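Novice: give me a model of this one.
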Amino acid sequence: MIEAFKTSPLLLLFIVSAVGYWIGRIPIKGVKLGVSAVLFVGLAFGALDPQLQVPEIIIVLGLSMFVYTVGLSSGPSFFSSFRSQGLRNFGFVISMLTLSALITVGVYLLFGFDAATAAGLLSGSTTNTASLAGLLDMIHLSQPKALQEQMSNAAVIGYSLSYPMGVIGVMFAIGFMRKALKIDFRKEEQQLNDDSFPISRNIGSRTIEIKKEEMVGKTVREVFLYFQKRLVFGRMSRGDNEFLSTMDNTFQLGDRIVIVGSKEILEKATKLLGVVHEKDLSYDRTVFDVCRIFVSKPSIAGEKIASLNLSERFTAIITRVQRGDMDLIANGETVLELGDRVLAVTRRKDMEKLRAFFGNSYEALNHINLLSFGSGMALGLLLGMVSFELPGGMSFKLGFAGGPLIVALVLGALRRTGPIVWTLPFGANLVLRQLGLILLLAGIGIRSGHTFIETIMAGGAGTLFLAGAIIATTTAILVLWMGYKWLKIPFALLTGMVATQPAILEYALEQSENKLPTLGYTLMLPVVLITKILFVQILFAVLS
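Specialist: Residues are numbered from 1 along each chain as shown. Model (predicted):
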């Protein structure tokens with residue numbers, strides 16, 4: 001069988017992917033490794049024979065596709081959060097990496113490592129391949145020729161043995177701190193369900209009868225702003241007249257109105273406005289009807305709901321937007337994406353026209369716009385090839401991860417440029433992301449497996465393992481504790497911030513079951529990629 005794997009790297013790749021994905025679905029004490037198990041299965045297969053390899057282009061393709069699709073989906077949230085918390089997040093990254101460097105100095109002194117091994121340990125425990133490349137380049141430029149090969153090998157060994165600990169150690173830290181801090185992810189969702197963190201899952205509706213006299217004469221806009229745009233108003237009934245509410249409608253005693261929001265907001269709104277009416281207006285389909293419509297027209301993608309002028313075109317209201325498995329509250333500022341399903345309230349006679357307006361084609365959503373996807377990836381790869389010079393003779397490149405990520409964040413925030421829609425339908429984005437991640441993890445595991453086992457058999461690997469575990473686990477535990485207790489950063493967001501590798505991000509997503517770790521990951525990654533490269537080179541220069 002090994003001969004078959006040598007002959008066909010693609011066969012090996014798909015066997016590793018399949019077995020790893022299957023193992024990742026098996027719960028171990030209530031915890032699933034998810035797709036990250038592909039990495040460990042790859043290490044096991046790679047250890048069988050040094051000739052078991054996959055082409056490097058597979059790893060590069062997987063890495064670039066993964067970070068590009070993550071950046072596209074997280075661009076809007078990244079920039080809105082960075083504008084409000086950018087200085088804090090930058091300081092947090094510097095503190096996190098300084099802590100890792102100081103712990104590395106500690107193990108360097110404790111175990112008597114050389115400078116190259118210590119710098120390799122820092123690079124591997126933070127799972128940053130680009131920093132290893134920068135370190136090897138620095139060794140080549142700054143050290144005598146007789147020492148270059150020895151130091152380079154030491155750096156690679158330190159990296160290869162600490163890399164798995166950089167993944168496992170941080171996963172352990174996330175699980176451990178979740179229990180130690182008694183984190184309730186569902187409670188965090190309720191507290192953070194707003195425009196900056198759109199993660200709500202419990203959106204509902206009810207019909208309210210206005211009973212509070214103090215609400216008479218108040219406009220819908222006043223109540224809408226009172227609840228910080230987290231409450232949506234649907235159809236309204238006054239006497240025998242039924243109509244769609246507008247922001248300028250005023251309340252009168254006896255009015256009935258449909259409100260949409262999270263369970264907690266609905267309870268508060270009910271107490272403010274009156275009582276729940278026994279007859280739900282949503283069930284009356286004589287004049288107005290409710291329908292779910294796919295957003296499949298490229299001309300709609302990237303547009304705010306307010307800019308569509310639906311009330312003038314169709315007498316319609318969008319009350320919520322389903323994106324993936326999540327229902328989001330809709331308001332005028334909500335930007336629609338390809339693949340969204342909007343819940344619309346409209347007159348029965350306008351329903352077909354409204355469907356045609358949004359597209360409502362499930363088949364169209366399964367097509368990938370190769371012009372925008374290919375152009376965006378190409379721009380990212382070109383940016384990654386640019387060399388940035390720093391004082392002191394140091395230089396760095398963003399590489400296959402940093403370049404595509406930064407371009408994707410910008411394009412995701414722009415959403416569209418003229419006729420070109422940069423974002424992908426939700427389903428297409430998810431498929432490409434999963435495919436990229438599996439290619440990346442399987443490739444890295446297979447290529448590193450034999451070096452990994454060789455170093456263990458040569459002796460002395462236990463010390464390097466321990467050092468990598470100390471650096472990765474201690475840093476992650478301290479960062480999670482300080483970020484949660486001192487800076488009051490949501491724990492789910494923190495798990496993404498410490499997720500230095502896609503496998504860790506996948507584990508964090510499995511744990512939290514919401515998209516906050518992805519936001520934390522994209523908030524940190526552009527800054528982390530650059531600063532890690534610098535920190536590893538500075539550490540080597542100081543210790544040598």
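Novice: ok, which stretches of the stretch 51-200 of the chain are helices?
Specialist: Per DSSP state H, counting those that start in this stretch, the stretch 51-200 of the chain has helices spanning 56-111, 115-125, 129-142, 145-180, 185-192. These are given in chain order.
Novice: what is the rounded mean pLDDT of the first one?
Specialist: When you say that, I think you mean helix 56-111. The average pLDDT for helix 56-111 rounds to 81.
Novice: please compute how far it lies from its chain's middle.
Specialist: The chain centroid and the centroid of helix 56-111 are separated by 12 Å under CA atoms, centre = their mean, to the nearest Å.
Novice: report the inter-axis angle for that helix versus helix 145-180.
Specialist: On the basis of axes from the mean of the first three to the mean of the last three CA atoms, to 10 degrees, helix 56-111 is oriented at 90 degrees to helix 145-180.
Novice: which strands and helices sit next to helix 56-111?
Specialist: If you count contacts as 3 or more CB pairs under 8 Å, 6 or more residues apart in numbering; DSSP states H and E, helix 56-111 packs onto helix 115-125, helix 370-385, helix 399-414, helix 426-457, helix 461-485, helix 516-543. Just so you know, the C-beta spots here come from the backbone N, C-alpha and C atoms, and that holds for glycine as well.
Novice: go on, the second one?
Specialist: Judged by 3+ CB pairs under 8 Å, 6+ apart, the packing partners of helix 115-125 are helix 56-111, helix 129-142, helix 145-180, helix 461-485, helix 516-543.
Novice: out of these, which is the most enclosed?
Specialist: Ranked by mean neighbour count, the helices and strands packed on helix 115-125 are led by helix 516-543 with a mean of 23 (mean count of other CB atoms under 10 Å).
Novice: quick one: average confidence on that one?
Specialist: 77.
Novice: and if you look at stretch 432-448?
Specialist: Averaging pLDDT along stretch 432-448 gives 83.
Novice: ok, residue 35 touching residue 434?
Specialist: Yes. Using CB atoms under 8 Å, residue 35 makes contact with residue 434 at a distance of 6.9 Å.
Novice: neighbour count: the two, which is higher?
Specialist: More crowded of residue 35 and residue 434, by other CB atoms under 10 Å: residue 35, with 23 against 16.
Novice: contacting residues around the more buried one?
Specialist: Residues near residue 35 by CB atoms under 8 Å, 6 or more residues apart in numbering: 20, 21, 24, 434, 437, 438, 441, 503, 506.
Novice: how close does it get to residue 300?
Specialist: Separation of residue 35 from residue 300 (CB to CB, to the nearest Å): 32 Å.
Novice: for residue 532, same thing?
Specialist: Per CB to CB, residue 532 is found 40 Å from residue 300.
Novice: quick one: closest of the helices and strands packed on helix 115-125 to residue 227.
Specialist: helix 56-111 (19.6 Å; CB to CB).
Novice: centre-most residue in this protein?
Specialist: For the chain, the residue nearest the mean C-alpha position is residue 518 (1.9 Å; CA atoms, centre = their mean).
Novice: the residue lying closest to residue 73 once chain neighbours are set aside - how many residues pack around it?
Specialist: Spatial nearest neighbour of residue 73, chain neighbours left out: residue 429 (5.6 Å); criterion: CB to CB, 6 or more residues apart in numbering. Per other CB under 10 Å, the neighbour tally for residue 429 reads 23.
Novice: element containing residue 321, please.
Specialist: strand 316-323 (DSSP states H and E).
Novice: okay, buried residues for that strand please.
Specialist: In terms of neighbour count (16 or more other CB atoms under 10 Å), strand 316-323 has its buried residues at 316, 317, 318, 319, 320, 321, 322, 323.
Novice: tell me the one of these nearest residue 348?
Specialist: Distance to residue 348 across these (CB to CB) is lowest for residue 316, with 11.3 Å.
Novice: OK, contacts around that closest one?
Specialist: Contacts of residue 316 (CB under 8 Å, 6+ apart): 244, 310, 344, 345, 346, 347, 350, 354.
Novice: what is it paired to in the beta sheet?
Specialist: Taking DSSP bridges as the rule, residue 316 bridges to residue 346.
Novice: now do it against residue 117, distance only.
Specialist: According to CB to CB, residue 316 stands 65 Å off from residue 117.
Novice: and if you look at residue 484?
Specialist: Counting by CB to CB - residue 484 and residue 117 are separated by 33 Å.
Novice: rewinding a little: out of the contacts of residue 316, which end up buried?
Specialist: 244, 310, 344, 345, 346, 350, 354.
Novice: mind checking which of those residues are in helices?
Specialist: Members of these lying in helices (criterion: DSSP state H): 310, 354.
Novice: and the buried ones among the contacts of residue 316, which is closest to residue 416?
Specialist: For those, the minimum distance to residue 416 (CB to CB) is 19.3 Å, reached by residue 310.
Novice: got a pLDDT number for that closest one?
Specialist: Residue 310 carries a pLDDT score of 83 in this model.
Novice: and it, what does it touch?
Specialist: Each residue near residue 310 by CB under 8 Å, 6+ apart is listed here: 316, 317, 318, 344, 354.
Novice: would you map the strands across the stretch 151-300 of the chain?
Specialist: For the stretch 151-300 of the chain, applying DSSP state E, counting those that start in this stretch gives strands covering 203-210, 232-238, 241-244, 256-262, 274-276, 288-294.
Novice: deepest-packed of those, please.
Specialist: Using mean count of other CB under 10 Å, the stretch among the strands of the stretch 151-300 of the chain with the largest mean neighbour count is strand 256-262, at a mean of 23.
Novice: between that one and strand 288-294, how many degrees?
Specialist: Here the directions of strand 256-262 and strand 288-294 differ by 30 degrees (the same axes, to 10 degrees).
Novice: so which elements touch strand 256-262?
Specialist: Identification of packing neighbours for strand 256-262 by 3+ CB pairs under 8 Å, 6+ apart yields strand 203-210, strand 232-238, helix 263-273, strand 316-323, strand 326-329.
Novice: lowest-confidence helix or strand of this structure?
Specialist: When each helix and strand of the chain is scored by mean pLDDT, DSSP states H and E, strand 395-397 comes last, with a mean of 67.
Novice: if we can go back for a sec, which one of the contacts of residue 35 sits closest to residue 398?
Specialist: Nearest to residue 398 among those, counting by CB to CB, is residue 437 at 19.6 Å.
Novice: could you check how far the closest one is from residue 283?
Specialist: Plainly put, residue 437 is 44 Å away from residue 283 if you go by CB to CB.
Novice: and those two? which has more neighbours close in?
Specialist: Each of residue 437 and residue 283 has its neighbours counted (other CB under 10 Å); residue 437 has more, 26 against 8.
Novice: apart from its neighbours in sequence, what residue is nearest residue 493?
Specialist: Using CB to CB, 6+ apart and skipping the chain neighbours, the partner closest in space to residue 493 is residue 520 (4.2 Å).
Novice: separation between the one you found and residue 26?
Specialist: Look at residue 520 and residue 26: by CB to CB, they are 27 Å apart.
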